[in-house]
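Q: Quick one: sequence and predicted model below, then my questions.
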Amino acid sequence: MTEKMVKVLNRAGIHARPAALVVQALRDFKSNIYFERENEKINAKSIMGVITLGAAYGTELKIVAEGEDEQQAVDIIVHLFESKFEED
């Protein structure tokens with residue numbers, strides 16, 4: 001299992017476009033990948049789940065991945081968050 005904390009750095013937060021980027025980036029990974037926030041745990045491959053997290057600017061999320069390609073999946077998600085989903 002691989003876990004990593006990330007912070008939402010883009011001003012608009014996680015809305016439809018960033019959620020779609022996450023889901024698209026993860027679609028070919030075999031690992032189970034989740035975002036955790038407080039008491040919520042959602043499937044990071046589900047666009048509706050990612051959107052319903054309501055992750056605004058500054059929100060911290062934990063990425064949890066489990067499977068054969070978990071590290072690569074986490075690395076891609078971290079890159080998306082660090083690049084502010086190419087919005088700024």
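A: Received the coordinates, thanks.

Q: What segments of the protein are strands?
A: Assigned strands in the chain, in chain order: 2-7, 32-37, 40-43, 60-66 (criterion: DSSP state E).

Q: would you turn those strands into JSON lines with mean neighbour count and distance to I76?
A: The C-beta positions use only the backbone N, C-alpha and C, and glycine is treated the same way. Listed next are those as JSON lines, based on neighbours: other Cβ atoms under 10 Å; distance: least, Cβ to Cβ, whole Å:
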{"stretch": "strand 2-7", "mean neighbour count": "14", "distance to I76": "11"}
{"stretch": "strand 32-37", "mean neighbour count": "18", "distance to I76": "10"}
{"stretch": "strand 40-43", "mean neighbour count": "14", "distance to I76": "16"}
{"stretch": "strand 60-66", "mean neighbour count": "18", "distance to I76": "10"}
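
Q: Rebuild those strands as JSON lines, extending it with distance to L21 and mean pLDDT.
A: Formatted as JSON lines, those follow (distance: least, Cβ to Cβ, whole Å; pLDDT from 0 to 100):
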{"stretch": "strand 2-7", "distance to L21": "14", "mean pLDDT": "98"}
{"stretch": "strand 32-37", "distance to L21": "14", "mean pLDDT": "97"}
{"stretch": "strand 40-43", "distance to L21": "16", "mean pLDDT": "95"}
{"stretch": "strand 60-66", "distance to L21": "14", "mean pLDDT": "98"}
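
Q: Generate JSON lines for these, with distance to I51 as supplementary columns.
A: Converted to JSON lines, the strands of the chain look like this (distance: least, Cβ to Cβ, whole Å):
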{"stretch": "strand 2-7", "distance to I51": "17"}
{"stretch": "strand 32-37", "distance to I51": "11"}
{"stretch": "strand 40-43", "distance to I51": "10"}
{"stretch": "strand 60-66", "distance to I51": "13"}
